[in-house]
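Trainee: only the shape, not the letters, is given here:
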Ligand code: ADE
Ligand code: ZN
């Protein structure tokens, strides 16, 4: 696809770009409509009377205020079919947005803590991902995230429970409340995961300081940094990230909704890109933050005047930063 350095990228241009999504919490794609359907299916009384009330509750002032509601909503997910429906609904959005490859996160501890077995969660998600490949042509890898507000022993137990399903899992990640829970807290479990042949990613530098990004790189040895936008506070770190081409999975709409930035016009993603960092665009928790991948891209055109050339670079970065093989990446890039 030819692209111009000066033309602001239109929605049609952005949709047609082959894109990978590398930072998406599958529980964060639970739309209020599906939440009500699953509540009825599972005989659960929701604390909201209708969809309007749910949407009104999605008025967040920081990460924790979002997480409190996000974990509450996940309670409607009970059966393998529920996890299948959740994942399939997300994949239909991928198809509509021109996402050709996706690497969703899931939070097993959110479910096992409620007595839902690991197998129910993983089988539901992976059956939908398989159908996504066969019926929609969307490839995928699955990432198991540890909840950082829980203990490392809890994370080790989670990894143990996942062992029968490791053939479905490509990487481990680290999410939930960042401040006060630095990557170093999880050094042992990330070492265990690496020894099992898994890749590693971690949320760092979303609300947490640059120090957490250093720890993610040097103590738990990640292959990608999730968010990472606070790296711009540390010039040495910026230089290091640029030189290593360490991927940063940035989530613009999420950052504005969680007040990392007051307005999209203040977001630093294009500054990071122009500095030479390997940044990508992602939706994080699209049902809660007002948009799937394409809407994250169009917000950058609207508020930051992102050019076609910048958009094409961001899309190429996403495919190159995925956990696909070199041949698979080439095949996707050739579609551009
Ligand atoms: N879990 C779901 N979304 C998250 C985010 N943006 N940061 C940390 N944990 C999360
Ligand atoms: Zn996230």
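Mentor: That came through fine. Bear in mind the structure is a predicted one, so any value in this text is a computation, not a measurement. Ligands and ions are numbered 1, 2, ... in the order given.
Trainee: after the lowest-mean-pLDDT helix or strand in the chain, which helix or strand is next?
Mentor: For the chain, counting by mean pLDDT, DSSP states H and E, helix 51-57 ranks last in confidence among helices and strands (a mean of 94). Remark: after helix 51-57, the chain's next helix or strand is helix 63-73, criterion DSSP states H and E.
Trainee: what pLDDT, on average, does that next one get?
Mentor: On average, the pLDDT along helix 63-73 is 96.
Trainee: give me the next element, helix or strand, following it.
Mentor: Downstream of helix 63-73, the first helix or strand assigned by DSSP H and E is helix 80-97.
Trainee: which elements pack onto the least confident helix or strand of the chain?
Mentor: helix 32-41 (3 or more CB pairs under 8 Å, 6 or more residues apart in numbering; DSSP states H and E). Placement of C-beta: from N, CA and C, glycine included.
Trainee: residues in contact with the helix it packs on?
Mentor: 44-46, 48, 51, 54-55, 73, 76-78, 82, 85-86, 89, 287 (CB atoms under 8 Å, 6 or more residues apart in numbering).
Trainee: who's the closest spatial neighbour of the one residue in the stretch 101-250 of the chain that gets nearest to ligand 1, skipping the chain neighbours?
Mentor: Per CB to the nearest ligand atom, residue 175 is where the stretch 101-250 of the chain lies closest to ligand 1, at 3.6 Å. Leaving aside its sequence neighbours, residue 175 sits nearest to residue 145 (CB to CB, 6 or more residues apart in numbering; 4.6 Å).
Trainee: how about the least confident helix or strand of the chain: buried residues?
Mentor: For helix 51-57, a neighbour-count test (16 or more other CB atoms under 10 Å) marks residue 54 as buried.
Trainee: pull the distance from it to the chain's centre.
Mentor: Mean C-alpha position of helix 51-57 versus that of the full chain (CA atoms, centre = their mean, to the nearest Å) differs by 23 Å.
Trainee: which residues are in contact with it?
Mentor: Applying CB under 8 Å, 6+ apart, the set of residues contacting helix 51-57 from outside is 32, 33, 35, 36, 46, 48, 69.
Trainee: ok, residue 172 - contacts?
Mentor: So residue 172 contacts 143, 144, 145, 146, 159, 189, 190, 193, 198, 199, 200, 201 (CB under 8 Å, 6+ apart).
Trainee: in a markdown table: those, plus neighbour count and distance to residue 235.
Mentor: Formatted as a markdown table, those follow (neighbours: other CB atoms under 10 Å; distance: CB to CB, whole Å):
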| residue | neighbour count | distance to residue 235 |
| --- | --- | --- |
| 143 | 26 | 30 |
| 144 | 26 | 34 |
| 145 | 27 | 30 |
| 146 | 27 | 31 |
| 159 | 20 | 36 |
| 189 | 22 | 32 |
| 190 | 26 | 27 |
| 193 | 25 | 32 |
| 198 | 20 | 32 |
| 199 | 19 | 28 |
| 200 | 21 | 26 |
| 201 | 27 | 24 |
